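*Asks:* coordinates for the following, if possible.
(4 chains)
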2 protein chains.
Amino acid sequence: MLRLSKLTDYAVVVLVRLSVGEAVQTSPGVASSIGIPEPTVAKVLKALAGSGLVASQRGARGGYRLMRPLAAIPVSDVIAAIDGPIALTACVDGAATACETSSLCPVAGRWDPVNEAIQSALDGITLADMQKSAIPRAFRLPHPTQSIAAAE
Amino acid sequence: MLRLSKLTDYAVVVLVRLSVGEAVQTSPGVASSIGIPEPTVAKVLKALAGSGLVASQRGARGGYRLMRPLAAIPVSDVIAAIDGPIALTACVDGAATACETSSLCPVAGRWDPVNEAIQSALDGITLADMQKSAIPRAFRLPHPTQSIAAAE
DNA sequence: AAATATCGGACCGTGCGGGTCCTGTTTCAG
DNA sequence: CTGAAACAGGACCCGCACGGTCCGATATTT
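*Replies:* Coordinates of the predicted model:
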């Protein structure tokens, strides 16, 4: 439960990858470096560009560029960019459609305080925090199995 | 995003409903009073019983009984009971199956701090809080539209 | 012993996310 | 000036998990 979409996970990886170089990076390039199919990466990048987290440079020699440092990107922004606004239940926005039938609904899913709590919790964590907690040496692994074995 | 299952929403409603009387209540009775199909309520009750949030009384004159007051039930418990442990990504527990392919994964979804933050945020909110924040007069609304209009 | 109500499982349909592909447009390189 | 590279924005399909249903077994009360 509370599972967020795989795309969001990808988005974090993509953004971190995008932060390593200051130059623009193509989506195929990012895809190959993180081991995710290109079309999926392209879709993620597109969504991120739409939310203003990354900027796109069209044409040849184009690519994507990070607009803010990782420390200035809370995970809530990434989640909102990929999966839409943070709302645990459909009762909050689409309430009219679902809840009109059951006027008996006592709580009617008063999830607002819960949503706010999660929102604030997510605002307090930036991608830099997530990057920091990740194992640093895993960033470049030409031979995955060997490196993993060496790490253990 | 971050949508939790409808079952969890139901669980909250069921638990609140279960708190009104001290006597055991049958699942059909609860179902009819909150306007949710009986089999679904039964499934929710079953899950809640498995997590120890409610106790079941088998046999004739049986039913379900709340084991703790609402104030002692954090939403995290309800979510855990219905949807399983709180983990945003599949990377945390099922990591072996999914992530072995991409050893390149730099962050590998270092969502642990995020999970913890959400967990603690959810621990701080009890069902009593959600019940309290619900509009009180909404508990019995024969004519919803009128009441809503009056509220504005 | 019979009636009642939970328990525990299997079962299935549907919606949505995950993933792919194609076409158009823009820009740089030659 | 032309061609190639790369983003933009669709449409599209597949699979899975959730939501919902049903039935037999079990336990308890009358």
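*Asks:* show me where chain A has strands.
*Replies:* Secondary structure of chain A, counting by DSSP state E: strands at A:54-57, A:63-66.
*Asks:* in a markdown table, list these along with mean neighbour count and mean pLDDT.
*Replies:* Any C-beta I mention is one placed from the backbone N, CA and C, and that applies to glycine too. Output for the strands of chain A, formatted as a markdown table (neighbours: other CB atoms under 10 Å in any protein chain shown; pLDDT from 0 to 100):
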| stretch | mean neighbour count | mean pLDDT |
| --- | --- | --- |
| strand A:54-57 | 17 | 92 |
| strand A:63-66 | 22 | 92 |
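*Asks:* distance to chain B added to the ones you listed, as a markdown table?
*Replies:* Below are the strands of chain A laid out as a markdown table (distance: least, CB to the nearest CB, whole Å):
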| stretch | distance to chain B |
| --- | --- |
| strand A:54-57 | 16 |
| strand A:63-66 | 14 |
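*Asks:* show me what from chain A comes close to DNA strand D.
*Replies:* A:1, A:3, A:26-28, A:42-43, A:45-46, A:49-50, A:56-64 (CB under 7 Å from any atom of the strand).
*Asks:* which ones among those also lie next to DNA strand C?
*Replies:* A:42-43, A:58-62.
*Asks:* of these, just the buried ones, PyMOL syntax please.
*Replies:* This is the PyMOL syntax for the buried subset of these, where burial follows 16 or more other CB atoms under 10 Å in any protein chain shown:
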select buried, chain A and resi 42+43
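*Asks:* nearest to residue B:17, of the ones next to DNA strand C among the residues of chain A next to DNA strand D?
*Replies:* Closest approach to residue B:17 among these (CB to CB): residue A:43, at 42.4 Å.
*Asks:* what's around the nearest residue to the closest one once chain neighbours are set aside, how many residues?
*Replies:* Spatial nearest neighbour of residue A:43, chain neighbours left out: residue A:7 (7.4 Å); criterion: CB to CB, 6 or more residues apart in numbering or on different chains. Residue A:7 is flanked by 16 other residues according to other CB atoms under 10 Å in any protein chain shown.
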